[in-house]
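J.: structure, please.
(chains A and B)
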Amino acid sequence: MKKLQMILLLLLMNCASGPVGGLLFTNYEYAGEVNPDSSIPILAEAKGCQFSLLGLFSIGDSSAGQIASNVGIRRIATIDHSTISILHVLFVRNCTIITGATY
Amino acid sequence: MKCKSKEVLTARRVSFLDRINKIYRIKLQRFQALFILLILINFSSCITTISPGIIFNNTAEHVYKDRTTSQLGSGRIMKMEKSCTYNSIVFAFFYHGKVASAASIAREGGITKIGVVDYSSFNILSPLFYSNCIIVWGDIE
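T.: Okay, the predicted model is just below:
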């Protein structure tokens, strides 16, 4: 029973949102989305994060639209992500990084 | 006398084994409680967030429904319009709150060109009360 539980735990290790996740520590960036309109120049960059503690409390705004609005990016060219997690669910930080034009 | 001492010994052994059994049961129960908690964390996906909080969650993020459709458009980030669904496990089987498509949200807010579609999630003691919102940013011209 314990073995089965451990296997299930390993299979369910998906709290880090990226393609891979480390059980003890995770820190990397990964690609999200590129605007189909390729004429948008990359003139500015902004980042927004959300934080999770023990999987019990989560707060933060990492929505692309809000981040763009905060820094004055009018058209989004790319959306990327970064994640940091310590001890799987003890602390997780998921960020959205956007680039785009300010006009 | 011999019979009595044997009885006493067997009684002691039984009580000792009982104690071990109790301790083992408590430890097993603790482990199972932790296991159930972790399962809950992974299955608390009534909300769309990438890092759900079981007790309290108030997050907004860019979520990908699938990789075949883009959630970015050529519209400028000028105006935001939001549509939310509210639900609870108490009545989830009977009712699911207001649901709106990105197009209808944009139409309601007078957005003519969609710039980006985001999601926000809120819950208290998930899944006792949870709310998902679709946020549409776009151009009003």
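J.: contact residues of chain B facing chain A?
T.: Of all the residues in chain B, those in contact range of chain A (CB under 8 Å from any CB of the partner chain) are B:31, B:35, B:38-39, B:41-42, B:44, B:49-62, B:64, B:70-78, B:80, B:115-116, B:118-120, B:135, B:137. Just so you know, the C-beta spots here come from the backbone N, C-alpha and C atoms, and that holds for glycine as well.
J.: drop anything exposed from the residues you listed.
T.: Burial by neighbour count, judged by 16 or more other CB atoms under 10 Å in any protein chain shown, picks out B:35, B:38, B:41-42, B:44, B:49-54, B:57-62, B:71-77, B:80, B:115-116, B:118-120, B:135, B:137 from the residues of chain B next to chain A.
J.: any idea how far B:Gly109 lies from A:Lys47?
T.: Using CB to CB, to the nearest Å, one gets 26 Å for the distance from B:Gly109 to A:Lys47.
J.: revised request: answer the last question for B:Lys113.
T.: When CB to CB is applied, the distance between B:Lys113 and A:Lys47 equals 25 Å.
J.: one more: B:Asn21?
T.: Summarising the geometry, the distance separating B:Asn21 from A:Lys47, computed by CB to CB, is 54 Å.
J.: between those two, which has more neighbouring residues?
T.: Applying other CB atoms under 10 Å in any protein chain shown to B:Asn21 and A:Lys47 shows that A:Lys47 carries more neighbours, namely 13 against 10.
J.: wait, doesn't the more buried one sit right on A:Cys95?
T.: Yes: A contact is recorded between A:Lys47 and A:Cys95 when judged using CB atoms under 8 Å, the distance being 5.5 Å.
J.: common neighbours of those two, please.
T.: Shared contacts of A:Lys47 and A:Cys95, defined by CB atoms under 8 Å, 6 or more residues apart in numbering or on different chains, are found at A:Ser82.
J.: what about the chain, any weak spots by pLDDT?
T.: With no chain named, the answer covers chain A. Within chain A, the set of residues satisfying pLDDT under 70 comprises A:1-2, A:5-20.
J.: the intended chain is chain B.
T.: Applying pLDDT under 70 to chain B flags residues B:1-4, B:37-48, B:66-67, B:92, B:97, B:99.
J.: run through the strands of it in chain order.
T.: Taking DSSP state E to define them, one finds strands in chain B at B:56-61, B:79-87, B:113-124, B:129-139.
J.: who are the packing partners of the first one?
T.: If contacts are counted by 3 or more CB pairs under 8 Å, 6 or more residues apart in numbering or on different chains; DSSP states H and E, strand B:56-61 sits against strand A:44-53, strand A:57-62, strand B:113-124, strand B:129-139.
J.: over to the second one?
T.: Secondary-structure packing of strand B:79-87 (3+ CB pairs under 8 Å, 6+ apart): helix A:64-71, helix B:102-109, strand B:129-139.
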